[in-house]
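> pasting a predicted model and its sequence here:
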Amino acid sequence: MKDIFGESWERLFGPAIAHRGLWSPDGPPENSLGAFQAACTAGYDIELDVQLSADGEAMVFHDSQLKRMTGLEGRISDHTASDLRQLRLKGTDETIPTLAEALTEVGRRAMVHIEIKIPYGEVGPLERRVHDVLIDHSGPTCVIGFNPYSHAWFADHHPKILRGLDSYSYNGPDARHLAPDVRKRYAQLGHVAIAKPHFLALSLDMLPSAKADGFRNAGMPVIAWTVRAPEQWDAVKDHCDNLIFEGYLA
């Protein structure tokens, strides 16, 4: 894999990855240029989220709704990139960046894990836009996400982009959009065959996992998320190759 993906593959194993950048309640907000700058300064790699604006731009934002981060009602997908760029995050001077702006801010200083935030079944437009942005970026990157069909799209169209499949236990209310048999299959990593990822990004609620250990032993690295305390990492690190963290300095 190193021969294919070079630095991007090497950086899967370190440094640690700052979840939505190195943000804090009294510092730069999550998924902001300030949080990405802070992560680079501290020597961490970066995880961020992208979804489409109404006019097809890849915007760096986690929630489908604007309320939590901007105080305004509505969905991010209902607004143009220009309108979204005018909003302020958590009462700060930070705005919602585009993926291109975030990658320009980071440059080659950190590897960026780009989580594709799409509804299950709606594959293509966001993936194409992310690919188009990545063409102009020379730094190490990978795409991650929960939708195995999104990964399959990249595998079919742009196989030289490093891919990591996100997964978790699929027990909570956020998994209700999936049928029970699908939730069970995904929780057991049955969707790896669909996604064809190069590595796994697994929630702490499914680590350690004998199934994940099997993939790891076969050469597929495992990254844990989201680690919020040193003792959480200590409990799983023997089964993982790296961590996505927040709330402390890993």
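Thanks, I have it.

> the protein: helices as residue ranges?
Here the chain has its helices, by DSSP state H, at 2-5, 7-10, 33-42, 67-70, 81-84, 99-106, 125-135, 148-157, 180-187, 192-195, 210-217, 230-236.

> residues in contact with the last one?
Meaning helix 230-236. 204, 207-208, 224, 227, 243, 245, 248, 250 (CB atoms under 8 Å, 6 or more residues apart in numbering). The way it works is simple: take the backbone N, C-alpha and C, and place the C-beta from them, glycine included.

> can you put the helices of the chain in CSV and add distance to Ser167 and mean pLDDT?
Below are those laid out as CSV (distance: least, CB to CB, whole Å; pLDDT from 0 to 100):
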stretch, distance to Ser167, mean pLDDT
helix 2-5, 21, 88
helix 7-10, 20, 97
helix 33-42, 24, 98
helix 67-70, 24, 98
helix 81-84, 29, 97
helix 99-106, 23, 98
helix 125-135, 19, 97
helix 148-157, 9, 96
helix 180-187, 6, 94
helix 192-195, 8, 97
helix 210-217, 9, 97
helix 230-236, 14, 98
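
> using a markdown table, lay out the ones you listed together with mean neighbour count.
Below are those laid out as a markdown table (neighbours: other CB atoms under 10 Å):
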| stretch | mean neighbour count |
| --- | --- |
| helix 2-5 | 11 |
| helix 7-10 | 16 |
| helix 33-42 | 20 |
| helix 67-70 | 16 |
| helix 81-84 | 16 |
| helix 99-106 | 21 |
| helix 125-135 | 17 |
| helix 148-157 | 19 |
| helix 180-187 | 15 |
| helix 192-195 | 18 |
| helix 210-217 | 14 |
| helix 230-236 | 14 |
